[in-house]
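A.B. asks: Fold the following.
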Amino acid sequence: MSGHSKFANIKHKKEKNDAKKGKIFTVIGRELVMAVKAGGPDPNNNSKLRDVIAKAKANNMPNDTIERGIKKAAGADSADNYEKAVYEGYGPNGVAIIVETLTDNKNRTAGNVRNAFTKGNGSIGTQGCVSYMFDQKGQIIIDKEECEMDADELMMLALDAGAEDFNEEEDSYEVLTAPDDFSAVREAIEKAGAPIAEAQVAMIPQTYVDLTDEQALKDLQRTLDLLDDDDDVTDYWTNWNE
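C.D. replies: From the prediction side, this is the model:
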């Protein structure tokens, strides 16, 4: 995976999403609800909630907005109820796509996701049709330019905290963990003061697919843009080698 700049991809995604800050905050708001309902409103006793709060802060969500979201989710009259749904399918030239959603209306979401695939000349597949090509890992990306620790120091810190792997890229460091160890490793890196650009449990492709055909690139971008615009979509992963 060397040379595949994850940080550049994240920055590109973030810049695209800056214009859609409302969507990001909507997604994080839903994730706060899910985390609070699953483990309570106290982040000290709820590692999932701590992870969502860290994600909110990485996306510059104001503290009072985070606190309001937690209080609302914890309220006795909170009617918000979201379900997680995952869709798998193919883009042009067989590019594998996994879409993760949080929704209060599965029919609406399924229709919108199917539409995004169809408009990009792709197709939704059955559960498991492409996920075998990915590994589920905790993935933490650290901005190299802003990181005061050197690579060896950061690597030792991450490995001591339970990380499985450490990769140095041109502009970033990538730490990979087992999903169950993600929270502990993220917290250790955060406490050490390293600037985390992105931290999530992600689907990491085992191999990447190159796209050279101009129409195929346009079609794939059409699908990804539609997924980006959908408030129900929390994330998507592809094995396209950007």
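A.B. asks: Which residue ranges of this structure form strands?
C.D. replies: 83-90, 96-103, 123-124, 134-143, 165-168, 172-177, 196-205, 233-238 (DSSP state E).
A.B. asks: Of all these, which one is nearest Val36?
C.D. replies: Among the strands of the chain, the nearest to Val36 by C-beta to C-beta is strand 96-103 (13.3 Å). The C-beta positions use only the backbone N, C-alpha and C, and glycine is treated the same way.
A.B. asks: what's the angle between the closest one and strand 134-143?
C.D. replies: 80 degrees (axes from the mean of the first three to the mean of the last three C-alpha atoms, to 10 degrees).
A.B. asks: Pairing partners for strand 96-103, with directions?
C.D. replies: strand 83-90 (antiparallel), strand 233-238 (antiparallel) (DSSP bridges).
A.B. asks: I'd say Ala110 and Ala85 touch.
C.D. replies: Yes - the criterion here is C-beta atoms under 8 Å, and Ala110 meets it with Ala85 at 7.4 Å.
A.B. asks: which residues touch the lengthiest helix in the chain?
C.D. replies: Criterion DSSP state H: the longest helix present in the chain is helix 21-39. Residues from elsewhere that reach helix 21-39 (C-beta atoms under 8 Å, 6 or more residues apart in numbering): 17, 45-49, 51-53, 55-56, 59, 61, 65-66, 69-70, 72-74, 78, 80-82, 84, 102, 228-229, 231, 233-234.
A.B. asks: Can you name the residues that contact Asp51?
C.D. replies: Ala35, Phe182, Ser183, Arg186, Ala199.
A.B. asks: I meant to write Ala85 there.
C.D. replies: Ala85 neighbours (C-beta under 8 Å, 6+ apart): Thr101, Thr103, Lys106, Thr109, Ala110.
A.B. asks: Any regions of this structure where pLDDT drops low?
C.D. replies: Along the chain, the parts satisfying pLDDT under 70 run over 1-21, 76-79.
A.B. asks: how about 80 then?
C.D. replies: 1-22, 76-80 (pLDDT under 80).
A.B. asks: still on that earlier bit, turn the contacts of Ala85 into a markdown table, columns for distance to Gly193 and neighbour count.
C.D. replies: Shown next, in a markdown table, are the contacts of Ala85 (distance: C-beta to C-beta, whole Å; neighbours: other C-beta atoms under 10 Å):
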| residue | distance to Gly193 | neighbour count |
| --- | --- | --- |
| Thr101 | 34 | 25 |
| Thr103 | 37 | 21 |
| Lys106 | 42 | 12 |
| Thr109 | 39 | 21 |
| Ala110 | 43 | 16 |
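A.B. asks: and of those, the nearest to Glu174?
C.D. replies: Thr101 (25.4 Å).
A.B. asks: Do I have it right that the closest one meets Gly111?
C.D. replies: No - look at Thr101 against Gly111 with C-beta under 8 Å: they stay out of range, at 11.7 Å.
A.B. asks: Please name the nearest non-neighbouring residue to Ala202.
C.D. replies: Gln139 (4.3 Å; C-beta to C-beta, 6 or more residues apart in numbering).
A.B. asks: Quickly list what the closest residue to Gly128 other than its chain neighbours is bridged to.
C.D. replies: In space, Gly128 comes closest to Glu88 once its chain neighbours are excluded; the distance is 7.0 Å by C-beta to C-beta, 6+ apart. Glu88 forms beta bridges with Ile98, as assigned by DSSP bridges.
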